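Colleague: Give me a model of this one.
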Amino acid sequence: MRSLTKFAATLLLASPAFGAEQSPASLYGPLFAAVQTQHVFADGKTFADAVAKRDPAAILADYAREKPEGPALKAFVLANFVVRGENDRGDIRAHVRGLWPQLTRPPLAAQPGSSALPLPRPYVVPGGRFQEIYYWDSYFTMLGLKADGQQQLIEDMIDDFTALIERYGHIPNGTRTYYLSRSQPPYYALMLDLSTNRDPAVAARRLKALRTEYDFWMRGRDCVAGTGACQRVVRMPDGSLLNRYYDDKDTPRDESYAEDVAVAARAPDRPAAEVYRDLRAGAESGWDFSSRWLRDPQSLATIHTTDIVPVDLNSLIWAMERRIATRCEAARDAVCTRDFTALATRRKGAIDRYLWQASQARYADWDLSSRVPTPVVSAATLQPLFVGLASPAQADAVARTTQAKLLATGGLRTTTLRTGQQWDEPNGWAPLQWIAIEGLASTGHEPLARQIAQRWVDTVTTAYADTGKMLEKYNVDERTPGGGGEYPVQDGFGWTNGVTSAILARWPIESSGSTGAK
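Modeller: All right, here's what the predicted structure looks like:
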């Protein structure tokens with residue numbers, strides 16, 4: 001037996017392959033040590049089992065030259081190795097198509113003791129902690145549903161929103177009882193553009209709902225004269241009417257009760273109810289929270305959303321007025337057509353007078369308390385281009401500002417200020433990318449639109465390769481998951497799925513892995 005064992009050992013030692021067989025630690029030396037000691041992967045066996053995509057000597061030479069650390073080290077590994085469970089994610093479009101069934105919910109009946117609002121038709125939720133339908137999220141989700149041939153689901157969601165308007169007089173922030181006191185950026189009119197339903201009875205029902213929603217936003221017009229601002233309506237210095245975000249309640253938000261109480265405690269010189277109203281109004285804006293609403297960009301306690309006349313909100317209400325006029329014309333309602341055409345004309349005049357800042361080549365928000373435009377440069381400046389309100393000269397100027405101040409390595413910045421709030425730099429959000437892309441492309445600036453689209457797709461696909469997830473927001477300076485805000489970054493994610501799918505359906509963009517600096 002002993003001689004047989006010795007013979008086998010001799011055969012192994014004589015094999016020419018034996019000397020060439022090195023363990024990963026021996027083969028990759030310092031690279032292997034860095035990956036394992038920095039815990040790039042939770043399981044040490046993960047990198048030990050990785051397969052090189054090219055010659056190991058070339059990989060080591062690049063590693064020695066680049067010396068990547070932290071996230072850059074993981075990116076280096078994923079670029080050079082096939083790592084099981086990490087970079088074998090598959091096609092992102094196929095992934096999104098697979099997510100739609102996971103994010104779709106059946107009709108919901110009223111349930112005693114639940115905060116959930118009933119809905120008559122199926123609907124798509126954003127994902128993560130957001131397990132109910134949300135208003136403005138849904139428009140951008142629908143873009144992806146359209147790209148993926150899910151027209152019936154789009155019609156179902158429009159029916160759900162129509163039913164909400166009929167039941168409550170407006171579309172709430174989300175379908176929870178604690179959201180009923182506020183809405184969100186009004187995209188219902190634009191959702192109707194995505195419908196293929198030509199039934200006259202359906203069109204009449206939806207037009208009635210659209211006019212009801214308009215009345216919700218304009219409800220304060222009868223009481224604005226004495227105060228300058230009433231509910232969601234404001235009177236500008238020349239007497240013209242524009243809109244602001246608001247909330248019918250002035251108490252802490254149910255879903256962020258402790259956080260709101262803490263913010264109000266940091267503002268002892270202000271009535272707590274005033275702080276709560278402004279926090280709630282910030283939530284209605286969808287930009288919760290942003291330096292757009294803060295007197296001191298570094299302090300949430302200085303929030304004063306109800307003093308701000310936002311350019312994006314007023315652009316959307318202008319688009320609503322235009323679509324009501326068009327739909328009334330189709331219904332042969334001449335009085336309605338005349339009235340809403342005039343309302344849209346007056347609103348555009350007020351936007352051009354107060355929100356357009358020619359010397360700064362941007363649209364700004366207006367501060368009612370100081371009676372001047374705010375200094376915050378934000379992606380909201382592109383909303384007038386998106387809805388078709390901007391003139392060619394205005395669009396050209398906004399494009400220059402976008403290129404100079406808002407374009408980042410990984411897409412479009414939300415603002416140019418770092419505050420720790422999630423709707424500020426360095427975060428980028430899917431809806432703002434689409435608004436910019438569509439707005440720029442439709443006004444003769446397709447090269448810049450495609451540049452934003454390419455950088456955004458690179459960011460999303462890089463994070464997808466790294467995490468296997470579609471995320472709510474991204475750091476577009478570093479092309480990593482986003483941060484800030486009141487809760488961890490969420491995956492799912494409805495509007496990221498929708499916008500990314502819509503971009504890829506429009507243009508044959510391939511992820512380049514790196515876009516470089518702007």
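Colleague: show me where the stretch 1-150 of the chain has strands.
Modeller: Per DSSP state E, counting those that start in this stretch, the stretch 1-150 of the chain carries strands over the ranges 51-52, 81-82, 104-105, 123-124.
Colleague: swap in the stretch 151-300 of the chain?
Modeller: Going by DSSP E, counting those that start in this stretch, the stretch 151-300 of the chain shows strands at 229-230, 233-235, 241-243.
Colleague: Run me through the strand neighbours of the second one, direction for each.
Modeller: The reference is to strand 233-235. Looking at strand 233-235 with DSSP bridges, its partner strands are strand 229-230 (antiparallel), strand 241-243 (antiparallel).
Colleague: what about the longest one, distance to the chain center?
Modeller: Between the centre of strand 241-243 and the centre of its host chain there is 25 Å, according to C-alpha atoms, centre = their mean, to the nearest Å.
Colleague: now stretch 146-154
Modeller: 20 Å.
Colleague: what about that stretch, start to end distance?
Modeller: End-to-end span of stretch 146-154 (C-alpha to C-alpha, to the nearest Å): 7 Å.
Colleague: Name the residues of that stretch that are buried.
Modeller: Buried positions in stretch 146-154, judged by neighbour count with 16 or more other C-beta atoms under 10 Å: 146, 147, 148, 150, 153, 154. No exception for glycine: its C-beta is placed from N, CA and C like everyone else's.
Colleague: cool, and stretch 315-333?
Modeller: In stretch 315-333, counting by 16+ other C-beta under 10 Å, buried: 315-325, 327-328, 333.
Colleague: can you check stretch 486-499 too?
Modeller: 489, 490, 491, 492, 493, 494, 495, 496, 497, 498, 499.
Colleague: Switch those over to TSV; also include secondary structure.
Modeller: Below are these laid out as TSV (DSSP: H, G, I helix; E, B strand; the rest coil):
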residue	secondary structure
489	coil
490	coil
491	strand
492	coil
493	coil
494	helix
495	helix
496	helix
497	helix
498	helix
499	helix
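Colleague: Select, from those, the two members most distant in space.
Modeller: Maximum pairwise distance among the buried residues of stretch 486-499 (C-beta to C-beta): 17.6 Å, between 489 and 498.
Colleague: How about the secondary structure of residue 345?
Modeller: Under three-state DSSP, residue 345 comes out as helix.
Colleague: To what extent is it buried, counted in neighbours?
Modeller: By other C-beta atoms under 10 Å, 13 other residues sit near residue 345.
Colleague: So which residues of the stretch 101-250 of the chain form helices?
Modeller: 135-147, 151-168, 188-193, 200-217, 224-227 (DSSP state H, counting those that start in this stretch).
Colleague: Also the stretch 251-400 of the chain?
Modeller: Going by DSSP H, counting those that start in this stretch, the stretch 251-400 of the chain shows helices at 257-265, 272-284, 311-330, 334-350, 383-387, 392-401.
Colleague: need the longest helix for the protein.
Modeller: For the chain, the longest helix by residue count, based on DSSP state H, is helix 446-467.
Colleague: Helix or strand next in line after that one, which one?
Modeller: strand 473-475 (DSSP states H and E).
Colleague: Sketch out the low-pLDDT regions of the protein for me.
Modeller: Counting by pLDDT under 70, the chain has low-confidence residues at 1-20, 85-89, 511-518.
Colleague: Could you export the buried residues of stretch 486-499 as CSV, including distance to residue 99?
Modeller: Listed next are the buried residues of stretch 486-499 as CSV, based on distance: C-beta to C-beta, whole Å:
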residue, distance to residue 99
489, 17
490, 13
491, 10
492, 7
493, 9
494, 9
495, 12
496, 10
497, 6
498, 10
499, 14
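Colleague: looking at the strands of the stretch 151-300 of the chain, which is closest to residue 190?
Modeller: When these are compared (using C-beta to C-beta), the closest one is strand 241-243, at 16.5 Å.
Colleague: Can you tell me which of the buried residues of stretch 486-499 is nearest residue 235?
Modeller: residue 495 (33.7 Å).
Colleague: what sits against the closest one?
Modeller: Counting by C-beta atoms under 8 Å, 6 or more residues apart in numbering, residue 495 touches 126, 137, 140, 141, 429, 430, 431.
Colleague: Quick check: closest non-adjacent residue to it.
Modeller: Residue nearest to residue 495 in three dimensions, not counting chain neighbours: residue 140, with 3.8 Å by C-beta to C-beta, 6 or more residues apart in numbering.
Colleague: One more: residue 327?
Modeller: Closest to residue 327 by C-beta to C-beta, 6+ apart is residue 207, at 4.7 Å.
Colleague: residues touching that neighbour, list them.
Modeller: Counting by C-beta under 8 Å, 6+ apart, the residues that residue 207 touches are 324, 327, 328, 331.
Colleague: That one and residue 232: what is the separation?
Modeller: Going from residue 207 to residue 232 by C-beta to C-beta, to the nearest Å gives 21 Å.
Colleague: Repeat that for residue 73.
Modeller: 50 Å.
Colleague: Between the two, which is the more surrounded one?
Modeller: The neighbour comparison of residue 73 against residue 232 (other C-beta under 10 Å) goes to residue 232, with 26 against 18.
Colleague: Wait, that one touches residue 219, no?
Modeller: Yes: Residue 232 is within contact range of residue 219, at 6.8 Å (criterion: C-beta atoms under 8 Å).
Colleague: and the nearest residue to residue 247 once chain neighbours are set aside, how many residues sit next to it?
Modeller: Using C-beta to C-beta, 6+ apart and skipping residues adjacent in sequence, the residue nearest residue 247 is residue 280, 3.3 Å away. Applying other C-beta under 10 Å, we find 26 other residues in the vicinity of residue 280.
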